[in-house]
Each structure stands twice: as structure tokens, then as C-alpha cells.
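[1] can't give you the sequence, but here's the structure:
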């Protein structure tokens with residue numbers, strides 16, 4: 001039973017429970033009787049071993065199992081009675097020693113969400129990003145698409161910057177001949193003078209050039225003056241397809257106009273989403289600024305550790321734990337404050353995530369990452385042990401959508 005609840009801080013509670021002696025003893029006796037029914041010991045018929053022998057042989061194990069079960073049961077009942085929802089695992093602060101036929105008293109310290117009463121989230125003023133799509137943007141996208149389709153084709157013309165050439169060369173530094181070396185003229189570790197010496201040459205030309213490589217040059221010749229003897233074996237130039245009806249058909253569209261329409265639609269959709277994200281971030285920043293509360297230490301530490309793990313995994317960041325913690329702490333704190341505020345608002349507005357919402361989101365993720373829905377589910381189960389991450393992302397989107405609809409866009413002000 002719940003004996004007492006004490007507030008340590010805004011996010012910490014001390015809970016004391018007591019388990020009556022008769023409840024403990026009754027449960028121990030029940031467990032011993034169940035063992036007796038199943039017991040098979042030499043010299044006794046199955047199920048007929050005296051209870052005193054069962055208790056002597058298994059008593060300590062039974063006591064341990066019973067106490068583990070009852071402590072968890074009474075702790076959960078106490079949380080329900082006190083109306084407490086922990087955000088982390090409880091820490092046992094104090095407990096009386098176990099003795100048969102004596103009540104057990106235990107004290108736990110638990111972290112809880114802060115109790116925030118009045119969050120003002122209606123009519124927040126926000127700026128928005130422009131969402132109009134102009135012809136220049138469509139043309140730029142078409143150019144990018146054409147460049148993605150570009151191929152390199154062999155030519156007989158003089159070499160120019162950007163050409164891809166294949167050469168054999170010797171140097172005065174070593175005796176070996178470097179064969180079939182691929183060089184993009186104007187790019188790579190060689191100094192500009194080296195590339196300049198290539199411009200204007202043609203396939204099958206042989207020539208010599210002398211080039212100084214600075215100390216900080218990222219090549220084996222750093223700090224040396226190198227004399228090259230070069231033979232041009234092949235010259236290829238990037239051929240960008242013409243943006244016309246054939247180009248559109250090659251991309252799977254009926255004609256060029258249909259392709260332009262699709263580009264406009266995609267750009268518009270991306271701009272609308274970007275503007276929505278921008279407004280959402282402004283709202284979150286405003287809510288964090290105006291809503292002061294203590295955040296649970298365990299939630300902050302978990303988020304900090306997540307960010308550090310991400311930096312180490314994605315960016316191969318090998319700085320010390322202390323350095324990384326200092327860097328990610330402000331971002332982790334913002335993330336936790338955002339989570340708490342959105343959760344409270346969402347619960348107040350009775351926002352829920354349905355099974356259909358989950359299915360739609362999983363399908364969306366699967367298409368975006370070229371995976372099957374089952375693979376998406378397996379990934380998150382393996383990573384997190386649940387689909388809570390997906391569920392919360394849907395919940396967060398719904399809350400932000402509501403907040404954006406309740407916000408006040410400042411007319412004439414665009415970022």
C-alpha cells in the first residue's frame with residue numbers, strides 16, 4: 001500500500017510503500033504449495049514431498065521471487081494511487097530488511113514530468129517563407145536534371161578545363177612509369193600550373209612540364225619541384241543532353257510541358273513543407289522562451305547520450321565525452337523542452353495516433369528509403385525495441401499542425 005508521497009523537486013518524487021506481512025506470507029505459502037505439487041524427490045511419491053523439506057530446499061529462492069513480484073505489484077499500485085507517471089526507472093532509496101512475518105517498507109525516488117498548468121499557444125506570431133515557384137527555379141532544376149544525365153564522350157578537340165583525360169607519365173622523382181592515370185582537368189591535388197600545362201593539348205600529344213608542389217599539397221610530391229613527361233592517351237568531354245521533348249520523354253514524361261508541371265508541383269510541395277517547418281520552429285522557440293520549467297535529469301542525459309552517439313557514428317567524431325557533451329547540451333535541452341511542451345499540449349487537445357496513422361507513416365518511410373514496410377518495422381524494433389519513435393513523430397506532426405493553424409502569420413513579413 002502507498003504510505004506517503006513527498007515532493008523533492010518539480011521533477012522528483014519520493015514514494016514510500018508498505019507490503020503487509022500477511023500478504024507476503026500468504027504468497028510464500030502459495031508458491032511453496034505449488035512447488036510441492038510438482039516436486040519429484042527420491043524416496044517420495046510425486047507431489048507428496050513434505051512441505052518442510054520443500055521449504056528447506058527452495059525457501060530462499062521462493063522468498064526472493066515472491067518479494068520481486070510483490071514489490072513491483074505494490075509499486076505500480078502506489079503510482080496509480082498517487083497519480084504519478086515516471087519518466088525513468090525508479091531508484092530504491094531505502095528499504096527494511098526482509099524477515100518472515102514482518103511488513104516490508106520501501107522508499108523510491110522517481111522522476112516525473114513537470115506540472116505545467118498554463119501554456120499559452122494560441123495566436124503566436126510567426127513569419128513565413130515564400131512558397132511561390134518561378135520560371136528561373138524550374139529552369140535551374142531542369143539544368144540539374146540534364147547534368148545528372150550527362151555522359152563523358154571521347155573527343156579529338158584540344159583539352160579544356162573540366163575534361164576527363166587518361167595519361168601515362170614519368171617524373172624525375174622516381175623511375176617508374178605511371179600508366180592510365182585518370183585526371184579531371186582543373187580538379188584534384190595537382191597545382192594549377194600542372195592543369196594549365198594540359199589545356200590546349202590533344203590526344204596522342206607528348207610533352208614535358210615542370211611544376212612546384214607546395215608543402216601543404218595533398219600528394220606524394222609535396223614540397224618538391226617535379227619534372228613530368230606526359231603522354232595524352234584519351235580525352236573525354238562531358239556531354240549534357242539538350243533540354244527538349246526527347247529529354248522529357250527519356251525521363252518518362254509525355255512532353256516537356258508535363259515535365260515542367262511536375263517540377264513546379266514538386267518545388268511547390270517542398271517550399272510549403274519548408275515554410276511549415278520554419279513556422280513550427282518559431283512556435284517551439286517562442287513556447288520554450290515563455291514557458292519556464294525544470295526538466296527531468298534522466299531525460300536530458302538520455303538525449304545528450306543520443307546526440308553524442310549520433311556524432312560518433314555519423315561524423316566519426318572522436319573528441320572526449322566532456323567536449324561532445326558541452327557541444328550538444330543546448331540542443332539536447334531544446335529537444336527535451338520541445339518534447340515536454342508538445343506532449344502536454346497534445347494531451348490537452350486530445351491528439352491521438354491511430355493504427356491507420358502508423359500504417360501510413362511506415363509506408364511513407366519505406367518508399368522514401370526503398371525498403372519494404374516489414375523491413376522498416378524490423379529496423380525500429382531492432383534499434384529501439386518498439387515503434388515509439390514513429391508514433392511520437394506522427395504525434396509531434398499533428399500537434400505542430402494544430403499550433404500552426406492557431407498561429408498568427410505576420411502579414412508582409414517573410415524570411
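    Ah, there it is. Not measured: the values here are computed from a predicted model.

[2] Could you tell me whether residue 235 really is in a strand?
    Yes: applying DSSP: H, G, I helix; E, B strand; the rest coil, one finds residue 235 inside a strand.

[3] Can you give me the pLDDT of it?
    Residue 235 carries a pLDDT value of 97.

[4] where's it relative to residue 115, distance?
    Computed as CB to CB, to the nearest Å, the residue 235 to residue 115 distance reads 73 Å. (Glycine included, C-beta is placed from N, CA and C.)

[5] Tell me where the stretch 201-350 of the chain has strands.
    206-212, 225-239 (DSSP state E, counting those that start in this stretch).

[6] just checking, what packs against the last one?
    Judged by 3 or more CB pairs under 8 Å, 6 or more residues apart in numbering; DSSP states H and E, the packing partners of strand 225-239 are strand 151-154, strand 164-171, helix 192-198, strand 206-212.

[7] sorry, back to before: just want to know which of residue 235 and residue 115 has more residues nearby.
    residue 235 (26 against 10; other CB atoms under 10 Å).

[8] residue contacts, the more buried one?
    Listed by CB atoms under 8 Å, 6 or more residues apart in numbering, the contact set of residue 235 reads 154, 155, 156, 157, 159, 163, 164, 165, 202, 203.

[9] Report pLDDT for the spatially most central residue of the chain.
    What sits nearest the mean C-alpha location of the chain, by CA atoms, centre = their mean, is residue 310, with 7.4 Å. On pLDDT, residue 310 comes in at 89.

[10] how near is residue 224 to residue 241?
    43 Å.

[11] May I see the domains of this structure written out as residue ranges?
    2-111, 151-239, 254-414 (automatic domain parsing).

[12] Reformat those domains as TSV; add distance to residue 134.
    As requested, those are exported to TSV (distance: least, CB to CB, whole Å):
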stretch	distance to residue 134
domain 2-111	48
domain 151-239	27
domain 254-414	9
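
[13] So which of these is nearest residue 132?
    Relative to residue 132, the nearest member of those by CB to CB is domain 254-414, separated by 7.8 Å.

[14] in the one helix or strand residue 362 maps to, what's buried?
    For residue 362, the host element (DSSP states H and E) is helix 355-368. Neighbour counts using 16 or more other CB atoms under 10 Å place 357, 361, 362, 365, 366 of helix 355-368 among the buried residues.

[15] which one among the residues you listed gets closest to residue 217?
    residue 365 (44.7 Å).

[16] list the contacts for that closest one?
    371, 376, 390.

[17] Distance of residue 176 relative to residue 165?
    In terms of CB to CB, residue 176 sits 20 Å off from residue 165.

[18] between the buried residues of helix 355-368, which is closest to residue 127?
    residue 361 (28.8 Å).

[19] Looks like the closest one contacts residue 390 (just checking).
    Yes: Residue 361 is in contact with residue 390 according to CB atoms under 8 Å; the separation is 5.5 Å.

[20] Identify the contacts common to the two.
    With CB under 8 Å, 6+ apart applied, the contact sets of residue 361 and residue 390 do not overlap.

[21] on that earlier part again, I'd like the strands of the stretch 201-350 of the chain as TSV, with distance to residue 53 appended.
    Below are the strands of the stretch 201-350 of the chain laid out as TSV (distance: least, CB to CB, whole Å):
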stretch	distance to residue 53
strand 206-212	94
strand 225-239	89
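
[22] Return the most buried member of the ones you listed.
    For the strands of the stretch 201-350 of the chain, average neighbour numbers computed from mean count of other CB atoms under 10 Å are highest in strand 225-239, which has a mean of 17.

[23] May I have the strands that pair with that one, each with its orientation?
    Strand 225-239 has the following strand partners under DSSP bridges: strand 151-154 (antiparallel), strand 164-171 (antiparallel), strand 206-212 (antiparallel).

[24] Looking at those, which is nearest to residue 269?
    strand 151-154 (30.2 Å).

[25] And for the closest one, what's in contact with it?
    164, 203, 234, 235, 236, 237, 238, 239.

[26] between these, which is nearest residue 347?
    When those are compared against residue 347 (criterion: CB to CB), the nearest one is residue 238, at 56.7 Å.

[27] Tell me who's in contact with the closest one.
    Residue 238 neighbours (CB under 8 Å, 6+ apart): 150, 151, 152, 162, 163, 164.

[28] Would you list the buried entries among those residues?
    Restricting the contacts of residue 238 to buried positions leaves 163, 164, with burial counted as 16+ other CB under 10 Å.

[29] Using CSV, lay out the contacts of residue 235 together with distance to residue 280 and pLDDT.
    Conversion of the contacts of residue 235 to CSV gives the following (distance: CB to CB, whole Å; pLDDT from 0 to 100):
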residue, distance to residue 280, pLDDT
154, 52, 95
155, 51, 95
156, 57, 94
157, 53, 95
159, 51, 97
163, 47, 96
164, 45, 97
165, 50, 97
202, 58, 96
203, 57, 96
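
[30] Give me the buried entries from these.
    155, 159, 163, 164, 165, 203.

[31] Stretch 248-266: end-to-end distance?
    End-to-end span of stretch 248-266 (CA to CA, to the nearest Å): 16 Å.

[32] Nice, that's everything, thank you.
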